[in-house]
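Provided below for reference: sequence and predicted model.
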Number of protein chains: 2
Amino acid sequence: MNLTESLTWRYATKRMTDQKVSEKDLNTIFESISLSPSAFGLQPFRVVVTEKKELLQEIFEKSCPQVVVQQCSHLLIFKAFKNISDEHRESYLQLMKEKRNVTDDYIETYRQKIQRVQNSSEINTFEWAIRQAYIALGFAMIAAAELGIDSTPIEGFNPKALNELLHIDTSKEETAVLLTLGYRDEANDHLANKPKLRKPLDELIEKI
Amino acid sequence: MNLTESLTWRYATKRMTDQKVSEKDLNTIFESISLSPSAFGLQPFRVVVTEKKELLQEIFEKSCPQVVVQQCSHLLIFKAFKNISDEHRESYLQLMKEKRNVTDDYIETYRQKIQRVQNSSEINTFEWAIRQAYIALGFAMIAAAELGIDSTPIEGFNPKALNELLHIDTSKEETAVLLTLGYRDEANDHLANKPKLRKPLDELIEKI
């Protein structure tokens, strides 16, 4: 399938079979998350992955009562950073210094750019980090679709309950969005063969 | 190229040649934006596209002083909705009624779900709409990369100036993020052949 076909094939899967996603395919999806771009390259998010049925059941009960959470092969929990720590910034600049042939002046200018974001009262760092996570979320969905793997992005969960359940240090990061991975149960998913609903392209895209 | 190769090939292009992106390729990219998923399927964003050199120059001068804005073949301006209007909701429910074989009860339940978002004091609709736009931004970048087209996502612009320049009714929507499309000018782009900087996969992905 080409990309348009893959994107047409994919849909927010509501019911999944018990088929497992392979380690190889999972790694391709993780790689696409890693390769997704982020502002300044800072990757201000992390992803928790689980396939443990007891944990999925607990998440279903306490945070996200959608059946597909119980049924999926793997659940990806995107956590966005609440702030950019100096340590995170310096670790990134160190990587830049090692991997790219750039001058100390370049590094210092880059440091100052990041510091302006760190110190800005206009930027909500958590929201900004969530946006970066959403790019990665999209990349993961496409990587999955191209492998014939279904996925369901989920915003409708209780983040507080999930933060607690996962013992997340919410001074540093919080759960932002979920993605199930698995295989559609066509017979039991009322959405499996429904046409996509999209506004006409000329309402979405305006050429000027 | 497979997806991983395309994602490795792409980078935030800083210098572009004057080669134009074809209408056919543009339409594939627009299609991927249209096919990108959004919460409830509401597509709470729109995209303005321009290739007019005078307008690009004006955007460069007043809102976004990055050379690639002057050089790109096309600039995509993602605008996110400030709120979900009743009209937008009903137009979507009408589409659902026409295209899918669902009952009136189903439509009514769906209406109530959307209304809960519309009436929620906890949800910042603009932020929520921006997140949906970022998924589409990512889809557009991948569609471009798979066609061998370069792109640059840009957050660092002055949205107020751009809203004014485009005469946007900011009670309804605002500019959220930009994406240039075009072809890399390898000889003049210092980033063209630099290795990607990514944290180790096991720092990004945590299996539990």
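That came through, no problem. Residues are numbered from 1 along each chain as shown, chains lettered A, B, ... in the order given.

going forward, measure contacts and count neighbours with C-alpha atoms only.
Fine.

Select the longest strand from chain A.
Using DSSP state E to define each element, chain A has its longest strand at strand A:173-182.

Paired strands for it, with orientation please.
Partners of strand A:173-182 in the sheet, by DSSP bridges, are strand A:74-81 (antiparallel), strand A:150-154 (antiparallel).

What average pLDDT does the lengthiest helix in chain A get?
In chain A, assigned by DSSP state H, the helix with the most residues is helix A:125-146. Across helix A:125-146, the average pLDDT comes to 98.

Tell me which other helices or strands that helix touches.
helix A:3-9, helix A:23-35, strand A:45-50, strand A:74-81, strand A:150-154, strand A:173-182, helix B:125-146 (3 or more CA pairs under 8 Å, 6 or more residues apart in numbering or on different chains; DSSP states H and E).

Look at A:Thr4 and say how many residues are nearby.
Around A:Thr4 there are 15 other residues, counting by other CA atoms under 10 Å in any protein chain shown.

Once you drop chain neighbours, what's closest to it?
The shortest distance from A:Thr4 to any non-neighbouring residue, by CA to CA, 6 or more residues apart in numbering or on different chains, is to B:Ser32 (6.4 Å).

Likewise for A:Leu95?
Once flanking residues are discounted, A:Leu95 sits nearest to B:Leu197: 6.8 Å by CA to CA, 6+ apart.

Can you give me the distance of the residue minimising distance to the centre of chain A to A:Arg198?
Central residue of chain A (CA atoms, centre = their mean): A:Leu137, 3.1 Å from the mean position. With the distance defined as CA to CA, to the nearest Å, A:Leu137 ends up 20 Å from A:Arg198.

Report the distance from the longest helix of chain A to the chain centre.
In this view, helix A:125-146 has its centroid 4 Å away from the chain centroid, taken as CA atoms, centre = their mean, to the nearest Å.

Can you check what angle separates that helix from strand A:173-182?
Orientation check (axes from the mean of the first three to the mean of the last three CA atoms, to 10 degrees): helix A:125-146 against strand A:173-182 gives 10 degrees.

quick one, what contacts A:Lys62?
Contacts of A:Lys62 were listed using CA atoms under 8 Å, 6 or more residues apart in numbering or on different chains, and they are A:158, A:161-162.

same check, this time on A:Ser151
Contacts of A:Ser151 (CA under 8 Å, 6+ apart): A:10-13, A:141, A:144-145, A:179-183.

Quick check: pLDDT value at it.
For A:Ser151, the pLDDT comes out at 98.

Next: A:Asn101.
A:Asn101 carries a pLDDT value of 84.

That one in helix, strand or coil?
Look at A:Asn101: counting by DSSP: H, G, I helix; E, B strand; the rest coil, its state is coil.

quick one, phi psi at it?
The phi/psi pair for A:Asn101 (degrees, to the nearest 10) reads phi -90, psi 70.

repeat for the one 10 residues further on
The phi and psi values for A:Arg111, taken as degrees, to the nearest 10, are phi -60, psi -40.

one step back: quick one: mean pLDDT for the longest strand of chain A?
98.

what does stretch A:74-93 give?
In this model, stretch A:74-93 has a mean pLDDT of 97.

same check, this time on stretch A:19-28
For stretch A:19-28, mean pLDDT is 98.

quick one: it to chain centroid distance?
Chain-centre distance of stretch A:19-28: 16 Å, with CA atoms, centre = their mean.

Grab the CA positions of it and hand them over as CSV.
The C-alpha trace of stretch A:19-28 is given here as CSV (Å, rounded to 0.1, in the frame of the first residue of the first chain):
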residue,chain,number,x,y,z
GLN,A,19,-2.9,-11.2,18.1
LYS,A,20,0.4,-9.8,19.4
VAL,A,21,2.5,-7.2,17.6
SER,A,22,6.0,-8.6,17.0
GLU,A,23,9.1,-7.2,18.6
LYS,A,24,10.4,-6.3,15.2
ASP,A,25,7.4,-4.3,14.2
LEU,A,26,7.3,-2.7,17.6
ASN,A,27,10.9,-1.6,17.2
THR,A,28,10.0,0.0,13.8
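
buried stuff in it?
If you call a residue buried by 16 or more other CA atoms under 10 Å in any protein chain shown, then stretch A:19-28 has these buried ones: A:21, A:26, A:28.

Identify the residues contacting it?
Applying CA under 8 Å, 6+ apart, the set of residues contacting stretch A:19-28 from outside is A:73-74, A:143-144, A:147, A:149, A:181-183, B:4.

Most neighbours among the residues you listed, which one?
For the contacts of stretch A:19-28, neighbours were counted using other CA under 10 Å, and A:Leu181 has the most, 29 neighbours in all.

Isn't it up against A:Cys72?
Yes - counting by CA atoms under 8 Å, A:Leu181 touches A:Cys72, with 5.8 Å between them.

Can you verify A:Leu162 is assigned to a helix?
Yes - applying three-state DSSP, one finds A:Leu162 inside a helix.

What separation do you get for the residue nearest to it when sequence neighbours are not counted and A:Thr170?
With CA to CA, 6+ apart as the criterion, A:Leu162 has its nearest non-adjacent residue at 5.7 Å, and that residue is A:Ser63. Noted for A:Ser63: a distance of 16 Å to A:Thr170, by CA to CA.

quick one: which of these two has more around it?
A:Ser63 (19 against 15).

so what's that one up against?
Per CA under 8 Å, 6+ apart, neighbours of A:Ser63: A:157-159, A:161-162.
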